[in-house]
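Enquirer: Below are the sequence and a predicted model; questions follow.
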Amino acid sequence: MENNKAILSVIIPVYNAEKYISECLDSILKKTDLNIEVLVIDDGSTDDSKNIIEEYIRKDNRIRYIYQNNGGVSTARNNGLDNASGKYILFLDADDYLEEDAFEDLFSRLEMDMPDFMAYAKKILYPDGRGKDVYFDFKDNTCQDSKYIFELMYASSSFNECWGKVFKKDIIDKYHLRFPKNIKIGEDLLFVYDYFEKCKSFKLVNKCLLVYRQHDESAMRKSITDDRLRITDMLYTAGQKYLDEIGNKDLRYKADIYYFRVITNLCREYAASEDSSKCIKRIYNSDVTAKIMRKLKFKMIPLYKKHEYVLLKFRLIKLSAIYYELKAKA
């Protein structure tokens, strides 16, 4: 297969993924008749990842191996975009893998009228081996309701990741969209935000495309409070800027409520730490919390969250630490 004739480019950033990369590649390459290219971007791995990938290259010429000095996942994905020749782009992490019949469904849709933005449901694989299918909240197999999709984009965590979605390469190229560098968490959503704002047609597919392997040691879970607050501020600001441009007041309100929940969830997450009072104080005094609270009124808050609004509004740090510690244990 010549790379310039690929319909779909699958971009896989790899860093010390010897434990998972075989399962990932097997899930993609088992369909030998698909017109795809698989760009494996090795971000300076020091384990046996390269040797494993080279074994696959000897068996399947659809794989392209690109090595780079360690620069992070955003640099790796950007490197993939720079080298991709497919009409469509699919991102996949090296420790995740596609569902059994994922490509059958995906390619049937690629041959029809493809929307600018298409996202699939997903399966989560937990560290204890449990699996959970995560579907969108609608009854049909697909949804093209832009109002519903916009709400998921800006007032939920449904689209936080770049994987599980199909991107059009011509839109990416036209606006030279790339992942922001030097950001440990949230780089996915910033890229998706940028891409989504350029789209005119949308579709959700209530079918699990991939299996997302959740780790206890993920970047999100290890990140300290200040990092989480900083990226939350960036994501909130980026979303609000676009919603201001399109003048959607209802969605701005829903986004404010959603990010209020993000802030209170951070309080619960850090309540179990030894410095819970200090962490909650930093959260309460952060710039993003101030931005959100300037917009929210008590009457706007859902009934089950009103007491958390009062704790935050009046900076009841010690009481908050006790409350969120009890909530974390519940």
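Expert: Noted; the coordinates are in hand. Residues are numbered from 1 along each chain as shown.

Enquirer: Quickly list the domain ranges of this protein.
Expert: Domain segmentation of the chain under automatic domain parsing yields 3-219, 224-329.

Enquirer: could you give me the average pLDDT of the longest one?
Expert: Yep, that's domain 3-219 we're talking about. For domain 3-219, mean pLDDT is 94.

Enquirer: what does stretch 261-278 give?
Expert: For stretch 261-278, the per-residue pLDDT averages 89.

Enquirer: For it, measure first residue to last.
Expert: Using C-alpha to C-alpha, to the nearest Å, the gap from the first to the last residue of stretch 261-278 comes to 20 Å.

Enquirer: So which bits of it are buried?
Expert: Applying a neighbour-count criterion of 16 or more other C-beta atoms under 10 Å, one finds 262-264, 266-271, 273, 276-277 buried in stretch 261-278. C-beta here means a position set from N, CA and C on the backbone, and glycine is covered the same way.

Enquirer: quick one: secondary structure of residue 41?
Expert: At residue 41 the chain is in strand, as set by DSSP: H, G, I helix; E, B strand; the rest coil.

Enquirer: Could you report the neighbour count for it?
Expert: 26 (other C-beta atoms under 10 Å).

Enquirer: contacting residues for it?
Expert: Going by C-beta atoms under 8 Å, 6 or more residues apart in numbering, residue 41 touches 11-14, 66, 68, 76-77, 79-80.

Enquirer: any idea which helix or strand carries residue 13?
Expert: strand 8-14 (DSSP states H and E).

Enquirer: ok now that strand, how far from the chain's centre?
Expert: Relative to the chain's own centre, strand 8-14 is displaced by 15 Å; criterion: C-alpha atoms, centre = their mean, to the nearest Å.

Enquirer: could you check the angle strand 8-14 makes with the helix or strand just after that strand?
Expert: From strand 8-14 onward toward the C-terminus, using DSSP H and E, the following helix or strand is helix 21-29. Angle, helix 21-29 to strand 8-14, by axes from the mean of the first three to the mean of the last three C-alpha atoms, to 10 degrees: 180 degrees.

Enquirer: could you dump helix 21-29 to PDB, C-alpha only?
Expert: C-alpha atoms of helix 21-29 as PDB (Å, rounded to 0.1, in the frame of the first residue of the first chain):
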ATOM      1  CA  ILE A  21       1.600  -2.200  22.300                       C
ATOM      2  CA  SER A  22       1.100  -5.700  20.900                       C
ATOM      3  CA  GLU A  23      -2.600  -5.800  21.900                       C
ATOM      4  CA  CYS A  24      -3.000  -2.300  20.500                       C
ATOM      5  CA  LEU A  25      -1.500  -3.100  17.100                       C
ATOM      6  CA  ASP A  26      -3.300  -6.500  16.900                       C
ATOM      7  CA  SER A  27      -6.600  -4.800  17.300                       C
ATOM      8  CA  ILE A  28      -5.800  -2.500  14.300                       C
ATOM      9  CA  LEU A  29      -4.000  -4.800  11.900                       C
END
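
Enquirer: ok, residue 194 touching residue 175?
Expert: Yes - at 7.4 Å, residue 194 counts as touching residue 175 under the criterion of C-beta atoms under 8 Å.

Enquirer: Those two: which is more packed in?
Expert: residue 194 (18 against 12).

Enquirer: residue contacts, that one?
Expert: Contacts of residue 194 (C-beta under 8 Å, 6+ apart): 175, 177.

Enquirer: Residues touching stretch 281-289, excluding its own?
Expert: Contacts of stretch 281-289 (C-beta under 8 Å, 6+ apart): 225-226, 229, 232-233, 236-237, 259, 263, 266-267, 270, 312, 315, 317, 320.

Enquirer: For it, buried residues please.
Expert: By 16+ other C-beta under 10 Å, the buried positions in stretch 281-289 come out as 281-284, 286, 288-289.

Enquirer: Where does residue 250 fall, secondary structure wise?
Expert: helix 249-270.

Enquirer: Now for the closest residue to residue 119 other than its chain neighbours, how many residues are close by?
Expert: Closest residue in space to residue 119, ignoring its immediate chain neighbours: residue 165 at 4.6 Å, by C-beta to C-beta, 6 or more residues apart in numbering. Using other C-beta under 10 Å, the number of residues around residue 165 comes to 20.

Enquirer: my guess is residue 165 contacts residue 121, does it?
Expert: No - Residue 165 sits out of contact with residue 121 when judged by C-beta under 8 Å, with a separation of 11.3 Å.

Enquirer: re the thing from before, could you point out the helix or strand that follows the helix holding residue 250?
Expert: helix 276-284.

Enquirer: That next one: how far from the chain's middle?
Expert: On C-alpha atoms, centre = their mean, the centre of helix 276-284 falls 26 Å from that of its chain.
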